[in-house]
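A.B. asks: after the sequence you'll find the predicted model.
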Amino acid sequence: MPSPRLSPKFAKLLTLQLLGTVVVLLGVLAFLIYHTRPNYMGTTGGIDLINTFITWMAFIAVFGALIAIHLIFARQMRSEANGERRGVKSW
């Protein structure tokens, strides 16, 4: 039974927006990982392997949580657009 407050067309649009956000988040994560690779520039500084690992784990944890939340909401919106009930009660 579809929601009386949300049209199926709008729910599908929200699903696409949420999935697009996942793609953008993956792109930002790839960009950050690429630019925090270890570099050995002699005495001018740089990030070593241990700091790289810690930085990547922090990025992956934060972005992983954001991506998981967006995928869960996208799944809920897709079900809402198809008129399925997923056990979530309305307000």
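C.D. replies: Thanks, I have it.
A.B. asks: what about the helices in the chain?
C.D. replies: For the chain, the helices defined by DSSP state H occupy 8-35, 49-82.
A.B. asks: for the last one, the distance to its chain's centre please.
C.D. replies: Put plainly, it is helix 49-82. 4 Å (C-alpha atoms, centre = their mean, to the nearest Å).
A.B. asks: buried ones in stretch 25-44?
C.D. replies: The neighbour-count check on stretch 25-44 (16 or more other C-beta atoms under 10 Å) flags Leu25, Leu29 as buried. Heads up, the C-betas are built off the backbone N, CA and C, glycines and all.
A.B. asks: hmm, who's touching that stretch?
C.D. replies: Residues outside stretch 25-44 that contact it (C-beta atoms under 8 Å, 6 or more residues apart in numbering) are 46-49, 52, 55-56, 59-60, 63, 66-67, 70.
A.B. asks: if we go to 7 Å?
C.D. replies: Gly46, Ile47, Asp48, Leu49, Thr52, Thr55, Trp56, Phe59, Phe63, Leu66, Ile67 (C-beta atoms under 7 Å, 6 or more residues apart in numbering).
A.B. asks: cool, stretch 56-65 as well?
C.D. replies: By C-beta under 7 Å, 6+ apart, the surrounding residues in contact with stretch 56-65 are Leu25, Leu29, Leu32, Ile33, Thr36.
A.B. asks: just name the closest of these to Ala81, please.
C.D. replies: Leu25 (22.1 Å; C-beta to C-beta).
A.B. asks: so, low pLDDT: which residues of the protein?
C.D. replies: Along the chain, segments meeting pLDDT under 70 span 1-4, 40-46, 85-91.
A.B. asks: repeat the analysis, applying 80 as the threshold.
C.D. replies: Scanning the chain for pLDDT under 80 picks out 1-6, 38-48, 84-91.
A.B. asks: roughly how far does the residue nearest the centre of it sit from Asp48?
C.D. replies: By C-alpha atoms, centre = their mean, the chain has its centre lying nearest to Ile67, at 2.2 Å. Using C-beta to C-beta, to the nearest Å, Ile67 is found at 28 Å from Asp48.
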